[in-house]
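A.B. asks: build me a structure from this.
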Amino acid sequence: MTGVTEAAVTDGGRFNDASYCGRGDILSVVPGSSVGFTRAANVFAVTMRGEGCGFVQRRGFAPVGQTHWGRMYFRNDETMQGQSIHNFSYNFLGDIQLVFFNRRAVSGGWVLDFSGNAAFPFTWWTLQSGPGTDGLNPPRIVLRHGVWYRYEWQLEYLASNTRYRLWPRVYDAAGTLVYDASNYYQMATPSQGTATLASWYAAGNSFAVRDLAAMANIGLGNEGRGGGPNSGQSWYVGNFAIGTAGWLGQ
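C.D. replies: Predicted structure coming up:
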């Protein structure tokens with residue numbers, strides 16, 4: 001169903017947890033046709049309300065300790081600069097295990113990054129056109145507003161489920177693969193690292209699992225941030241899915 005009710009935003013209770021941080025205007029479900037999405041009748045919407053937060057989470061959605069793949073379509077219409085944090089995470093509520101998708105507004109569009117459990121400076125990784133010298137202003141790949149992208153990822157478990165690797169992929173609206181692990185660079189401050197995610201993995205590195213059971217919980221939304229803009233603009237998610245048989249595709 002569409003609307004801002006808990007039944008709507010939790011997909012009839014399929015998502016176990018929902019939080020609105022005292023507001024009823026952050027999370028909603030809207031017709032896909034209203035934002036140019038034709039693959040499903042409705043899509044999930046998150047509206048930027050300054051410091052307000054909101055998210056839904058489904059506990060036990062991902063298989064515990066089993067390599068799996070995820071897919072979602074994403075469109076960002078939020079144009080005001082500023083950062084939103086912890087958009088889509090494993091174990092959104094409590095001790096966040098992995099921020100697998102995080103959007104940040106920049107001039108002319110938005111950028112994509114993620115955060116895994118590794119020692120600094122290998123914690124945050126951002127989608128870039130190449131290595132940079134300034135951690136705050138790297139050569140970002142700027143994605144477009146008002147355009148649907150398909151984001152897929154593989155969460156690969158290693159070493160008796162004590163380690164993992166996240167393998168992200170970004171597809172354009174035509175379904176063409178445009179970015180992958182070779183386009184993510186370590187995001188350090190004050191200097192930008194030269195390692196790509198793919199080269200870091202090739203050197204034998206990976207992220208540490210802190211709480212294996214918590215890695216089964218997946219949440220979508222926005223944690224909010226002090227001083228964030230109240231733009232009233234939204235981003236949208238459609239056809240969110242998890243599977244264990246390989247890349248899900250369209």
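
A.B. asks: tell me if Leu112 really is in a strand.
C.D. replies: Yes. Leu112: assigned to a strand according to DSSP: H, G, I helix; E, B strand; the rest coil.

A.B. asks: who are the contact partners of the closest residue to it other than its chain neighbours?
C.D. replies: With CB to CB, 6 or more residues apart in numbering as the measure, Leu127 is the residue that lies nearest to Leu112, at 4.6 Å, once sequence neighbours are left out. C-beta: built from backbone N, CA, C; applies to glycine. Counting by CB atoms under 8 Å, 6 or more residues apart in numbering, Leu127 makes contact with Val111, Leu112, Asp113, Arg140, Ile141, Leu143, Val170, Tyr179, Asn183, Tyr184.

A.B. asks: touching, the fourth one and Gln128? I think so.
C.D. replies: Yes. Counting by CB atoms under 8 Å, a contact exists between Arg140 and Gln128, whose distance comes to 5.8 Å.

A.B. asks: check which helices and strands the longest helix anywhere in the chain sits against.
C.D. replies: Counting by DSSP state H, the longest helix found in the chain is helix 197-202. With contacts taken as 3 or more CB pairs under 8 Å, 6 or more residues apart in numbering; DSSP states H and E, helix 197-202 sits against strand 184-186.

A.B. asks: which strands or helices does the strand it packs on pack on?
C.D. replies: strand 124-127, helix 197-202.

A.B. asks: can you list contacts of it?
C.D. replies: Here strand 184-186 has contacts from 113-114, 121-122, 124-128, 130-132, 138, 168, 192-198, 200, using CB under 8 Å, 6+ apart.
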